[in-house]
Structure formats: C-alpha cells, structure tokens
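J.: fold the following, please.
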Amino acid sequence: MNADALKKMAAEAALSYIRPGMVVGVGTGSTTNFFIDALGAAKIHVDGYVASSIATENRLKSLGLNVLDLNSTGDIPVYVDGADEADPHFRLIKGGGAALTREKIVASAAQLFVCIADSSKDKPMLGKFPLPVEVLPFARSFVARQLVRLGGTPTLRNGVTTDNGNVIIDVTGLDFSDPLKMEAAINLIPGVLENGIFARRRADVLLFGSAEGVIEKKAGTH
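T.: Below is the predicted model:
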C-alpha cells in the first residue's frame with residue numbers, strides 16, 4: 001500500500017473519536033486533509049471545527065463545514081492532527097507544514113489529542129526529521145546562532161512565511177534524549193515563537209495506518 005492509502009486509513013479511523021455536538025480541533029497537512037475529507041463525507045452533526053491554519057480553515061469551509069474561532073470556544077473536547085515523527089512515549093515532532101504554533105495551541109486547548117499518521121512516522125526516538133522552529137524574521141540570524149550553541153545545524157526554509165508572518169528554521173543534529181528539556185530550551189531563545197517538539201503536550205492516542213490495518217496506541221495503556 002502506498003503512503004496516501006495508509007494516511008487515509010489512519011484519518012478515517014479518527015472518525016470514531018468524533019461525537020455529535022462536539023467542537024473538533026483540526027490540524028494541518030496531507031494526512032489531516034484526508035481527515036477533513038472524511039468529515040465532509042461522514043456529516044457528523046458537530047457544533048463546529050477549530051482550524052489550526054488558514055489552509056485547513058479554507059478546506060473545511062469548501063466542504064460546507066462550520067469553522068469556529070478558538071477565542072470563542074474555550075477548551076475543546078478533541079483535536080486531530082498528523083505528525084512528522086512519533087516516539088513510544090507519545091511525544092511528537094510536527095511542523096513540516098509550517099503550522100506548528102497554531103497546532104500546539106489548539107492541541108493544548110484540547111482534552112484529547114488524536115494523532116494520525118502512516119506507520120513510517122512511528123519511531124523509536126525523535127530526531128531524524130529536521131525540527132521546525134518558528135522565528136520572528138527580525139531575530140532569524142540571532143536565533144540560528146543560539147540553535148548552533150544547542151548543538152543544532154539550522155537551515156532557513158526558503159520561500160515559507162507562516163500564517164503568523166514568521167519564518168521557519170529547520171534544525172538537524174539536536175540531542176533528543178530529553179525532548180521536554182530541548183523543547184523548553186529552544187522556546188527560551190528570544191525571537192522564537194514556538195518549536196515543533198510536542199513533549200509537554202503529547203498525543204493521547206496514536207493511530208498509524210499500516211499494511212496490517214490501523215494500529216491504535218493509547219497513552220497509559222500497554
């Protein structure tokens with residue numbers, strides 16, 4: 001099976017976590033697009049959707065789905081999003097689609113975070129995928145120097161401006177033996193808005209599409 005088929009499988013499995021009357025947070029990216037399409041077809045009568053990016057908002061609206069502002073919803077029951085990597089402790093690297101800051105905000109406002117991905121994203125340890133860091137343009141060079149001091153090799157993602165008007169620096173070579181510590185250290189650099197380590201707000205459920213079907217993992221269970 002190709003990657004798209006596996007992504008679609010995981011995305012459709014996430015529908016089981018959506019109930020009528022909910023407010024549902026929706027992430028950004030290729031796997032989440034399959035989830036949005038599945039929502040459009042399922043026609044579950046939810047109160048509305050909170051989008052983590054302008055692209056997601058536009059896709060939801062194109063299917064006639066009601067988009068709500070997080071400022072007016074308060075905390076939400078469930079958030080569904082993809083990941084670039086997931087480790088056995090439900091920690092993630094996200095931000096390949098440059099929406100990491102809004103994704104982390106909506107995930108943090110959600111009682112349940114359901115992560116959907118193809119099985120290639122299931123890793124024994126984080127760090128192979130370059131870590132995205134959202135940075136104020138004014139501080140780009142300064143932040144890059146601080147990332148080098150943390151052991152990383154930073155590269156500006158050319159031609160990308162986030163929904164917040166910032167740039168993305170992708171970082172390789174960082175030490176991920178303690179993802180929570182690294183997440184905090186990067187966010188302490190002045191000029192960093194957010195980074196793509198989801199260790200403080202981990203996933204609660206992992207749904208991986210695989211050749212054997214959907215693999216479901218829940219935090220706190222074995």
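J.: got the domain ranges for this protein?
T.: Using automatic domain parsing, the domain ranges for the chain come out as 3-124+200-218, 131-195.
J.: residue 49 versus the spatially closest residue to residue 100 that is not a sequence neighbour, what's the distance?
T.: Leaving aside its sequence neighbours, residue 100 sits nearest to residue 196 (Cβ to Cβ, 6 or more residues apart in numbering; 4.4 Å). C-betas here are computed from N, CA, C, even on glycine. As judged by Cβ to Cβ, to the nearest Å, residue 196 and residue 49 stand 22 Å apart.
J.: which one of the two has more residues nearby?
T.: Between residue 196 and residue 49, counting by other Cβ atoms under 10 Å, residue 196 is the more crowded of the two (30 against 24).
J.: and stretch 119-129, how far apart are its ends?
T.: Criterion Cα to Cα, to the nearest Å; first-to-last residue distance in stretch 119-129 is 15 Å.
J.: stretch 174-181 too?
T.: Using Cα to Cα, the two ends of stretch 174-181 sit 12 Å apart.
J.: flag every buried residue along that stretch.
T.: Along stretch 174-181, these residues count as buried under the neighbour rule (16 or more other Cβ atoms under 10 Å): 174, 176, 179.
J.: cool, stretch 115-124 as well?
T.: Neighbour-count burial for stretch 115-124, counted by 16+ other Cβ under 10 Å, picks out 115-119, 121-123.
J.: dump these to a markdown table, plus distance to residue 78, secondary structure and pLDDT.
T.: Shown next, in a markdown table, are the buried residues of stretch 115-124 (distance: Cβ to Cβ, whole Å; DSSP: H, G, I helix; E, B strand; the rest coil; pLDDT from 0 to 100):
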| residue | distance to residue 78 | secondary structure | pLDDT |
| --- | --- | --- | --- |
| 115 | 12 | strand | 98 |
| 116 | 12 | strand | 98 |
| 117 | 17 | strand | 97 |
| 118 | 21 | strand | 97 |
| 119 | 22 | helix | 96 |
| 121 | 20 | helix | 97 |
| 122 | 21 | strand | 97 |
| 123 | 24 | coil | 97 |
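J.: out of those residues, which is nearest to residue 213?
T.: residue 119 (10.2 Å; Cβ to Cβ).
J.: so what's the closest residue to residue 173 other than its chain neighbours up against?
T.: Residue nearest to residue 173 in three dimensions, not counting chain neighbours: residue 153, with 4.7 Å by Cβ to Cβ, 6+ apart. Residues in contact with residue 153 (Cβ atoms under 8 Å, 6 or more residues apart in numbering) are 171-173.
J.: any idea how far residue 130 is from residue 153?
T.: Relative to residue 130, and taking Cβ to Cβ, residue 153 is found at 9 Å.
J.: if anything else comes up later, I'll come back, but that's it for now.
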